[in-house]
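Fold the following, please.
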Amino acid sequence: MKRRFLAVAACAPLAAVCLPAGASAAAPAPYACASVTPTAPPGTVVESVRVADVPAGAFQVPGAPPLGGFPVPDVPAHCEVTVTLTHPGADDHAKVNVWLPQAGWNGRFQAVGGVAYAAGDSGAGLAGAVKQGYAAATTDAGVGGALETGWALDPAGRVNTALLDNFAARSAHELALVGKEVVAEAYGRAAAYSYWNGCSTGGRQGYLEAQRYPADFNGINAAAPAINWNQFEVATLWPQVVMNEAHTYPTACEFDAFNQAALKACDRLDGLADGLVSDPGRCEFDPRRLIGTRIECEGRQLTVTAADAEVVRRIWDGPRGADGRRLWYGLPVGADFRYLAASKPDGRGGTTGAPFFVPAAWVATFVEKQPAFDTAHLSTAQFEEIFRRARAEYDPVIGTRDPDLTAFRDAGGKLLTWHGDADQLIPTAGTVDYRRRVERELGGAKKVDEFYRLFLAPGASHCGLNGGGVDDLAALTAWVEQGRAPAVLHATLTTATGRAVARDLCRYPMVSRYPGRGDAFRCVSG
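Coordinates of the predicted model:
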């Protein structure tokens, strides 16, 4: 369970970003807390408005570690406005939380996205945004926290479609409408620019905004996006299917050995052995090469078997149907196996699977509508049937994979995404797949690059550059406000040995190559 919380915590947009020099959107505007009267978005009613004056100081993120329970220091004095919305007949209560700096407002509005099953931020992202001068907002969509799905079914065991719609789409749009109106009323003028900022679920929400509500934001920063929701959620149970059918559950030590061997085999493909694989798609390491290798694991000697190697091969390859056709993408080579391929003692002297909470809850609660449904012992046939049923039922609701971004492009919006090449929770190839489909829809890579750019981060885990490891929002504001489209993103990556290195992330489809001298990589055609 601790690993699950750590994985979800990594999704939270905690980074405080530095704006590019000269990019201030407006002169600072002082503001004292006062009541506001926001208009209810279409189809909603404003149930209440609460205003609180918050003095400067450390903000204690609520909850238990690692999702909460830690301070964000030096948060300036701000006004917190909470607007509660309901959709008549739905019996929902969705809160929009807006933080307004009392001094030093930079003239911008930033909406902060959610994580896992939480539609919004618990305060860390808001605090970081306010520290940078933004007026910031988030929404809870009327649902629970990151690991809560008790809201999903009504007492009759049917999916609560109103709350699912909130989580999937409409609450993010209503956040944009309410948040921007509160800002305009409070400061006496509208924000000069509006931005979305999120990773994982927050990344999916950003793409949702571009697809369905293209005029809401001038810029969308959407990292490691949970788009292609039904494909990747179900697909990330594939490691459990593979291990169950093989009756083989490799230890964490053995999984690590496969990743270390792949790194050793493929590290130099980019021209330099530095603990990072710049293009995992070119890594053709065959896990069968490790058969017979002896591994020291917690005081025991283990020998890698052919069954272990086949499990790893199938996990990397990804889910396939009975006809052998690919259903979705597998775990990237180099990504940590511990989350999706976890196991535990079965209580009878053997081992059983321990599915990761987020996909397990999606399949059990939403697809099967049985929260106790066993996702650890699926056959390939059961998996394929669930995969297809999930898409049929939920793609129109939460799929977030429409490649037609014409309206967003025509509205002048900019969409920026980075995704870690070693993402252990959302296959990086799914984001690349989406980008390729947008190119086919809108006339090729050059035209799409005018408003939508994707950057892949070697060695980075799920949302692993949050916390200050990448200049994504700074690059986005420069693109939106000054027309400076980012050719690269400046990032700090962590190598396999734990060493921090500065590296420019290349704009897809370019990849990093070492030219043979100096200490700088270059971006070249893949």
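
And the pLDDT at the closest residue to G412 other than its chain neighbours?
Nearest residue to G412 in three dimensions, chain neighbours excluded: N218, at 7.1 Å (Cβ to Cβ, 6 or more residues apart in numbering). Quick note: C-beta positions are derived from backbone N, CA and C, even for glycine. What the model reports for N218 is a pLDDT of 98.

Go through stretch 88-106 and flag the buried ones.
Neighbour counts over stretch 88-106 (16 or more other Cβ atoms under 10 Å) mark 90, 92, 94-102, 104-106 as buried.

Can you get me a residue count around P396?
10 (other Cβ atoms under 10 Å).

what about D395, how many neighbours?
Residues near D395, counting by other Cβ under 10 Å: 16.

Apologies, that question was intended for A190.
Around A190 there are 14 residues (other Cβ under 10 Å).

could you show me where the helices are in the stretch 1-150 of the chain, in order?
Secondary structure of the stretch 1-150 of the chain by DSSP state H, counting those that start in this stretch: the helices cover 2-9, 124-131.

where among those helices is the average confidence lowest?
helix 2-9 (a mean of 39).

Next one: A64, what pLDDT does it get?
73.

residues contacting the most centrally placed residue in the chain?
The centroid of the chain falls nearest to S200 when counting by Cα atoms, centre = their mean (1.2 Å). Taking Cβ atoms under 8 Å, 6 or more residues apart in numbering, we find S200 in contact with 11, 115-116, 223-226, 425-426, 462-463.

out of those residues, who's nearest R409?
P225 (17.7 Å; Cβ to Cβ).

what's the distance between the closest residue to A265 other than its chain neighbours and L456?
Nearest residue to A265 in three dimensions, chain neighbours excluded: F285, at 4.4 Å (Cβ to Cβ, 6+ apart). Distance from F285 to L456, counting by Cβ to Cβ, to the nearest Å: 19 Å.

What of V234?
For V234, the distance to L456 - Cβ to Cβ - is 24 Å.

and what of A103?
A103 is 39 Å from L456, by Cβ to Cβ.

before we move on, what about V358?
Counting by Cβ to Cβ - V358 and L456 are separated by 22 Å.

more neighbours, these two?
L456 (28 against 25).

Bridging across strands, which residues link to V51?
V81 (DSSP bridges).

thought it was touching V83?
No - between V51 and V83 there is no contact under Cβ atoms under 8 Å: 9.9 Å.

These two: which has the busier surroundings?
V83 (28 against 17).

about what we covered before: could I get the contacts of S200 as TSV with pLDDT, secondary structure and distance to G318?
Converted to TSV, the contacts of S200 look like this (pLDDT from 0 to 100; DSSP: H, G, I helix; E, B strand; the rest coil; distance: Cβ to Cβ, whole Å):
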residue	pLDDT	secondary structure	distance to G318
C11	41	coil	22
V115	95	strand	24
A116	96	coil	22
A223	98	strand	22
A224	98	coil	18
P225	98	coil	18
A226	98	coil	17
L425	98	coil	14
I426	98	coil	13
H462	97	coil	17
C463	95	coil	21
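
Considering those residues, which is situated nearest to D308?
Once Cβ to Cβ is applied, the member of those that ends up nearest D308 is L425, at 22.5 Å.

Give me the distance between that closest one and V488.
L425 is 25 Å from V488, by Cβ to Cβ.

Have a look at these two and say which one is more surrounded.
L425 (26 against 17).

Ramachandran angles for the nearest residue to that one once chain neighbours are set aside?
Nearest residue to L425, sequence neighbours excluded (Cβ to Cβ, 6+ apart): H462, at 4.3 Å. The phi/psi pair for H462 (degrees, to the nearest 10) reads phi -60, psi 120.

I'd say H462 and A224 touch.
Yes - between H462 and A224 a contact is recorded at 5.7 Å, counting by Cβ under 8 Å.

can you tell me the helix or strand for W316?
Element membership for W316 (DSSP states H and E) is helix 306-317.

From the chain's centre, how far out is stretch 234-241? Work that out for me.
On the basis of Cα atoms, centre = their mean, to the nearest Å, stretch 234-241 sits 18 Å off its chain's mean C-alpha point.

got the CA coordinates for that stretch in PDB?
The C-alpha coordinates for stretch 234-241 follow below in PDB (Å, rounded to 0.1, in the frame of the first residue of the first chain):
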ATOM      1  CA  VAL A 234      -7.300  -1.800 -18.300                       C
ATOM      2  CA  ALA A 235      -3.900  -2.400 -20.000                       C
ATOM      3  CA  THR A 236      -2.000  -1.700 -16.700                       C
ATOM      4  CA  LEU A 237      -3.600  -4.900 -15.300                       C
ATOM      5  CA  TRP A 238      -1.900  -6.900 -18.000                       C
ATOM      6  CA  PRO A 239       1.200  -7.700 -15.800                       C
ATOM      7  CA  GLN A 240      -1.200  -9.400 -13.400                       C
ATOM      8  CA  VAL A 241      -2.800 -11.400 -16.100                       C
END
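
Export stretch 298-306 to PDB, keeping only CA atoms.
Extracted in PDB, the C-alpha atoms of stretch 298-306 (Å, rounded to 0.1, in the frame of the first residue of the first chain):
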ATOM      1  CA  GLU A 298      17.700 -10.200   0.600                       C
ATOM      2  CA  GLY A 299      20.100 -12.800   1.700                       C
ATOM      3  CA  ARG A 300      18.900 -15.400  -0.800                       C
ATOM      4  CA  GLN A 301      20.400 -16.700  -4.000                       C
ATOM      5  CA  LEU A 302      17.800 -16.700  -6.900                       C
ATOM      6  CA  THR A 303      18.200 -18.100 -10.400                       C
ATOM      7  CA  VAL A 304      16.400 -16.400 -13.300                       C
ATOM      8  CA  THR A 305      14.200 -18.900 -15.000                       C
ATOM      9  CA  ALA A 306      12.800 -19.100 -18.500                       C
END
